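Provide a 3D model corresponding to the input given below.
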Amino acid sequence: MSSRISNLWESLFRRIPIVKRITVWYTIFIFLIVSSLFVVSFLVLDDLVIYSSKGELEKEVNQAAHDKDISRIRSFDDGIFFSVYDEEGNLLRGDRYIDEEDAPILNDGKFSDISIEDNNYSIYDVFVENKKEPNKSYWVRGVMPLDSIKRDTTTLMFLTLVISPILMLIIIYGGYLITKNAFKPINNIVKTASEIERSGDLSQRIDVGYGNDEINRMSAVFNRMLESLEISYNREKDFTGNAAHELKTPLSVISLESQYILDYGKDINEAKEAMKIIKSKSMDMNKLIDQLLQLSRLDKENFSKEEVNISEIIESYIDDRRSSIEEKGISIHLNVDKDIRLYTNETMFIRIFDNLVSNAIKFTKDSISVSLLNTSDNPGYTQLTVSDNGCGISKDHIERIWDRFYQVDQSRNKDVNIGYGIGLSIVKKFVDIQNWDIEVESEENKGSIFIIKMH
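Below you'll find the predicted structure:
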C-alpha cells in the first residue's frame with residue numbers, strides 16, 4: 001500500500017514542470033530557514049540585547065568613574081542616568097531617579113536588576129577610592145531603564161514578522177523568473193524539435209540567446225548538430241537525384257535503341273550498331289554503379305589495412321600507363337622517393353591515385369606531374385602531389401569539388417569529359433578515413449595541384 005502511494009506521489013510530482021518543482025523546493029527551504037531564524041531570534045533576542053546593554057552600562061559607568069572630576073559627570077547620557085554618592089550614600093550630583101527605599105545598596109562592580117511597578121531597570125555601581133584624601137572617595141551609579149529596550153526589541157520582531165513574508169515573496173518570484181529564464185533554451189529545444197518533427201524542415205535553429213552557461217552551450221551544440229544533419233540530408237537528397245539522373249540517360253538510350261531495332265531494324269549491320277550503343281551505355285552504368293559501391297564501402301569503412309610500399313605502387317602504375325598517356329599528347333613527369341611505406345589498404349590507395357591521375361589527364365593541356373616525397377619540414381609525413389597545366393578551378397568551385405556528382409562545368413561534352421563527379425568524392429572520403437589531409441591549389445587557365453599529406 002505504501003509503495004503504491006509512493007509511486008502515485010512520484011508520478012504526480014513528475015508531471016509538474018521542472019521550473020515549478022525547483023521553485024517549490026527552494027521556497028520550502030527558504031521558509032524553513034527564515035522560520036528557524038525567527039524562532040531563535042524570538043527566544044534569545046531579548047537576552048542578547050539586555051546582555052549587550054549591560055555591557056554598555058558597565059563601560060559608560062567605568063568611564064565616568066575614572067574621570068576624577070565629578071563635576072563633568074552628566075546626569076543623563078546615551079540612555080543612562082548617572083548619580084554620584086559619598087561614602088555614606090548621600091547624593092552629591094545627579095538625580096536618584098529611583099526612590100531611596102526602592103534603590104538597592106551600593107555594591108562595587110556588581111549589577112542589580114530591579115522591577116518597580118512593571119518597570120525594569122539595570123543598575124551598576126563603581127566605588128572610586130581617593131587614597132590621599134579618603135574622605136573624598138565617592139560612588140558612581142548608572143541606571144539603565146530596560147523597558148524601552150524591550151519595546152524596541154518587540155518592534156523589531158514585529159517589523160521582521162511583517163517584512164519577512166514580503167521579502168520571501170519577492171525572493172520566490174525573482175527565483176522563479178531566473179529559473180524560468182535559465183530553462184528557456186530547453187523550451188526552445190523542445191519547441192524547435194517539435195516543429196522540425198511536424199514540418200520536416202531541418203533549416204530551423206534554436207534561439208540560443210545570450211550567455212555562456214551549460215544550457216546555452218547545449219543549445220549551441222544542438223544547433224551545430226542540426227546544421228550537420230541538414231547538410232547530410234541535402235547531400236543525400238542531391239545524391240539521390242543526381243544518381244537517378246545519371247542512370248536515366250543511359251537507360252533511355254538503351255530503351256530507345258532497343259525499340260528502334262524492334263520497329264525499324266532490317267539487317268544485321270543496323271542491329272550490331274545498336275548493340276554497340278547499348279553495350280557502351282551498359283558499361284557506363286556498370287562504372288557508375290561500381291563507383292557508388294565504392295562510396296558505400298567507404299561509408300561503412302569496410303576494408304582492411306596493412307603495410308604497403310606506395311613508392312612501388314605509384315612507379316608501377318605510371319610505367320604501365322605511360323605509353324597510353326603519351327599517345328594522347330600528354331607528357332608525364334615522375335619524382336618518387338624510394339621505399340616509402342604506409343599502413344593503408346592497397347586496393348583503395350590504387351583507386352584514389354587512379355582517380356587523381358585520371359582527373360589530371362581529363363583536364364590537362366599537355367603535361368602531368370606526379371611526386372611522392374618525404375617532407376623535410378615535417379618529419380614522419382609523406383606528400384603525394386598530382387598536378388596538371390589545364391583549365392584550373394575557380395575559387396567558387398574548389399570547396400564543392402568533393403561533393404558527390406558535382407562537376408565544375410556541367411555543360412562540357414560528355415564524350416570528352418567522361419565522368420560522373422564521384423571520383424574526387426571517393427578520394428576525399430578515403431583521405432578522411434585515413435586521417436590524412438588533402439589540399440587543392442588551382443588557378444584558372446594555369447592548372448591544378450592536388451596535394452595529399454600522409455603519415
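
what ranges does this protein have for its helices?
2-15, 18-65, 147-182, 184-199, 214-264, 268-300, 310-327, 346-363, 395-398, 423-433 (DSSP state H).

between the ones you listed, which gets the lowest average pLDDT?
With a mean of 60, helix 2-15 has the lowest mean pLDDT of the helices of the chain.

what about the longest strand in this structure?
Ranked by number of residues, the top strand in the chain under DSSP state E is strand 119-128.

what comes up buried for it?
Using 16 or more other C-beta atoms under 10 Å as the test for burial, strand 119-128 gives 120-126, 128. Heads up, the C-betas are built off the backbone N, CA and C, glycines and all.

can I get the CA coordinates of it in CSV?
Listed next in CSV are the C-alpha coordinates belonging to strand 119-128 (Å, rounded to 0.1, in the frame of the first residue of the first chain):
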residue,chain,number,x,y,z
ASN,A,119,9.2,49.0,35.1
ASN,A,120,12.6,47.1,34.8
TYR,A,121,15.9,48.6,35.5
SER,A,122,19.6,47.5,35.4
ILE,A,123,21.9,49.2,37.9
TYR,A,124,25.7,49.2,38.1
ASP,A,125,27.9,50.8,40.8
VAL,A,126,31.6,51.7,40.9
PHE,A,127,33.5,52.9,44.0
VAL,A,128,36.2,55.5,43.4
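
kindly reformat the helices of the chain as TSV containing mean neighbour count.
Compiled in TSV, these are given as follows (neighbours: other C-beta atoms under 10 Å):
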stretch	mean neighbour count
helix 2-15	9
helix 18-65	14
helix 147-182	13
helix 184-199	14
helix 214-264	14
helix 268-300	14
helix 310-327	14
helix 346-363	19
helix 395-398	12
helix 423-433	20
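
ok, which of the ones you listed comes nearest residue 371?
Closest approach to residue 371 among the helices of the chain (C-beta to C-beta): helix 310-327, 9.3 Å.

off-centre distance for the closest one?
52 Å (C-alpha atoms, centre = their mean, to the nearest Å).

then it to PDB, C-alphas only?
Once non-C-alpha atoms are left out, helix 310-327 reads as follows in PDB (Å, rounded to 0.1, in the frame of the first residue of the first chain):
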ATOM      1  CA  ILE A 310      53.300   3.000 -52.000                       C
ATOM      2  CA  SER A 311      56.500   4.000 -53.900                       C
ATOM      3  CA  GLU A 312      56.400   0.700 -55.800                       C
ATOM      4  CA  ILE A 313      52.700   1.100 -56.400                       C
ATOM      5  CA  ILE A 314      53.000   4.600 -58.000                       C
ATOM      6  CA  GLU A 315      56.000   3.700 -60.100                       C
ATOM      7  CA  SER A 316      54.300   0.500 -61.400                       C
ATOM      8  CA  TYR A 317      51.100   2.400 -62.100                       C
ATOM      9  CA  ILE A 318      52.800   5.100 -64.200                       C
ATOM     10  CA  ASP A 319      55.100   2.600 -66.000                       C
ATOM     11  CA  ASP A 320      52.000   0.500 -67.100                       C
ATOM     12  CA  ARG A 321      50.100   3.600 -68.400                       C
ATOM     13  CA  ARG A 322      52.900   5.800 -69.700                       C
ATOM     14  CA  SER A 323      52.600   4.800 -73.300                       C
ATOM     15  CA  SER A 324      48.800   5.200 -73.400                       C
ATOM     16  CA  ILE A 325      49.100   8.600 -71.700                       C
ATOM     17  CA  GLU A 326      51.800   9.800 -74.100                       C
ATOM     18  CA  GLU A 327      49.700   8.600 -77.100                       C
END
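
that one vs helix 346-363, what angle?
Helix 310-327 and helix 346-363 are oriented at 30 degrees to each other (axes from the mean of the first three to the mean of the last three C-alpha atoms, to 10 degrees).

what does helix 310-327 rub up against?
332, 334, 336-342, 344, 346, 349-350, 353-354, 357, 361, 368, 370, 372, 382, 384 (C-beta atoms under 8 Å, 6 or more residues apart in numbering).

can you check stretch 125-145 too?
53-54, 57, 60-62, 64-66, 68, 70, 73, 79-87, 89, 92, 97-98, 106-110, 112, 119-124.

got the buried residues for that stretch?
For stretch 125-145, by 16+ other C-beta under 10 Å, it's 125-126, 128, 138-145.

cool, and stretch 437-448?
438, 442, 447-448.

what mean pLDDT does it get?
Stretch 437-448 shows a mean pLDDT of 89.

contacts for it?
Taking C-beta under 8 Å, 6+ apart as the rule, stretch 437-448 contacts 360, 363-365, 387-394, 398, 401, 427-428, 431, 449-453.

now those residues: which count as buried?
360, 363-364, 387-393, 398, 401, 427-428, 431, 449-450, 452-453.

nearest to residue 207, of the helices of the chain?
That would be helix 184-199 among the helices of the chain, by C-beta to C-beta, at 5.1 Å.

run the angle between the closest one and helix 147-182 for me.
Using the same axes, to 10 degrees: helix 184-199 against helix 147-182 is 30 degrees.

centre of the chain versus helix 184-199, how much separation?
Worked out by C-alpha atoms, centre = their mean, helix 184-199 lies 18 Å from the chain centre.
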